[in-house]
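> mind folding the following:
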Amino acid sequence: MSVHFEKQLDKLRRQLVTLGAMVEEHVTLAIRAAEIQDREIAQEAIDRDEDVDAMQLAISEESLHTVALFQPVASDLRFIITVQTVINELERIGDHAHDIGQGVIRLLDSGAHFDLPPLLQQSKDASIEMLRQSLDALLDRDASKARGVIASDDKVDELHRGMYDWFKNGARRRPDDLDWMMEMLTISRHVERIADHATNMAESVVYLVEGELVRRGSHAS
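Here you go, the predicted structure:
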């Protein structure tokens with residue numbers, strides 16, 4: 001491996017770390033806005049989506065440039081393919097953080113006073129941890145940690161299904177609160193999708209380390 005190629009791979013790793021940190025903070029901001037009903041933080045979560053998109057595009061172009069310039073093979077090519085996959089997943093996670101911010105704005109505009117349901121609290125904690133662990137697994141090239149993330153997706157799916165029961169029960173008891181409960185259900189859906197994308201990232205790590213394609217979480221959108 002040439003020194004120039006190694007430097008290029010290191011640049012991609014550093015860019016990936018930067019984007020991962022941006023997206024984790026983006027999601028944390030959006031959820032925080034929902035927790036404390038803060039319009040300014042919600043708007044910041046909305047605005048940050050452009051920064052994530054720009055960084056994702058820059059890394060994508062850098063990856064393509066690396067392939068064209070060095071024509072890597074074997075594990076190095078798998079790494080670059082994994083980078084492309086992961087940055088796309090991170091960009092989609094950023095989209096969901098943006099949408100959560102918009103949901104908080106809608107709730108505040110409606111005059112609703114709300115608290116996150118306990119199920120949603122648990123789901124957002126689990127999803128953020130899955131995102132962190134999937135990024136760590138990638139940087140450490142740790143397939144075992146990645147498989148742990150994949151296994152965690154069932155918990156978030158179960159919590160989101162519980163939110164449907166919460167909504168149905170609440171709608172019967174408090175029909176006047178239907179709009180804000182619907183918004184909570186929508187936020188829960190975004191959180192569940194964040195977990196799906198983190199799962200897809202973890203699957204990519206397994207492919208990178210072991211060369212095995214795992215497709216369990218590839219339904220996210």
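> could you look up the SS state of the spatially most central residue of the chain?
Nearest to the mean C-alpha position of the chain, by C-alpha atoms, centre = their mean, lies Ile93 at 3.4 Å. With DSSP: H, G, I helix; E, B strand; the rest coil as the basis, Ile93 sits in helix.
> how far away is it from Glu203?
Between Ile93 and Glu203 the computed distance is 15 Å (C-beta to C-beta, to the nearest Å). Quick note: C-beta positions are derived from backbone N, CA and C, even for glycine.
> wait, the residue nearest to the centre of the chain sits on Thr199?
No - with contacts counted by C-beta atoms under 8 Å, Ile93 stays clear of Thr199, the gap being 11.3 Å.
> so what sits against both of those two?
Here Ile93 and Thr199 share no contacting residue, scored by C-beta atoms under 8 Å, 6 or more residues apart in numbering.
> check contacts around Met130.
Neighbouring residues of Met130 by C-beta under 8 Å, 6+ apart: 149, 152-153, 156, 194-195, 198-199, 202.
> which members of those occur in helices, if any?
Using DSSP state H, 149, 152-153, 156, 194-195, 198-199, 202 are the members of the contacts of Met130 that sit in helices.
> which residues in the chain form helices?
Here the chain has its helices, by DSSP H, at 3-36, 39-47, 49-70, 74-110, 118-140, 143-173, 178-210.
> looking at those helices, which is buried most?
Highest mean neighbour count among the helices of the chain (mean count of other C-beta atoms under 10 Å): helix 178-210, with a mean of 23.
> between that one and helix 74-110, how many degrees?
Interaxial angle, helix 178-210 versus helix 74-110 (axes from the mean of the first three to the mean of the last three C-alpha atoms, to 10 degrees): 170 degrees.
> which helices and strands sit right next to helix 178-210?
Secondary-structure packing of helix 178-210 (3 or more C-beta pairs under 8 Å, 6 or more residues apart in numbering; DSSP states H and E): helix 3-36, helix 74-110, helix 118-140, helix 143-173.
> can you give me the mean pLDDT across it?
What helix 178-210 shows for mean pLDDT is 95.
> does Arg13 touch Leu138 like I think?
No - using C-beta under 8 Å, Arg13 is not in contact with Leu138, being 9.2 Å away.
> turn the contacts of Met130 into a markdown table, columns for distance to Gly101.
Formatted as a markdown table, the contacts of Met130 follow (distance: C-beta to C-beta, whole Å):
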| residue | distance to Gly101 |
| --- | --- |
| Val149 | 25 |
| Ser152 | 25 |
| Asp153 | 24 |
| Val156 | 20 |
| Ile194 | 13 |
| Ala195 | 18 |
| Ala198 | 19 |
| Thr199 | 23 |
| Ala202 | 25 |
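> which member of these is positioned nearest Arg48?
Proximity of the contacts of Met130 to Arg48 (C-beta to C-beta) peaks at Ile194, which lies at 14.8 Å.
> can you pull the contacts of the closest one?
27, 93, 96-97, 127-128, 130-131.
> excluding its backbone neighbours, what's nearest it?
The spatially closest residue to Ile194, leaving aside those adjacent along the chain, is Ser127, at 4.6 Å (C-beta to C-beta, 6 or more residues apart in numbering).
> which intervals of this structure have sub-threshold pLDDT?
By pLDDT under 70, the low-scoring segments of the chain are 1, 216-221.
> run the chain-centre distance for stretch 43-54.
Centre-to-centre, stretch 43-54 and its host chain are 14 Å apart (C-alpha atoms, centre = their mean, to the nearest Å).
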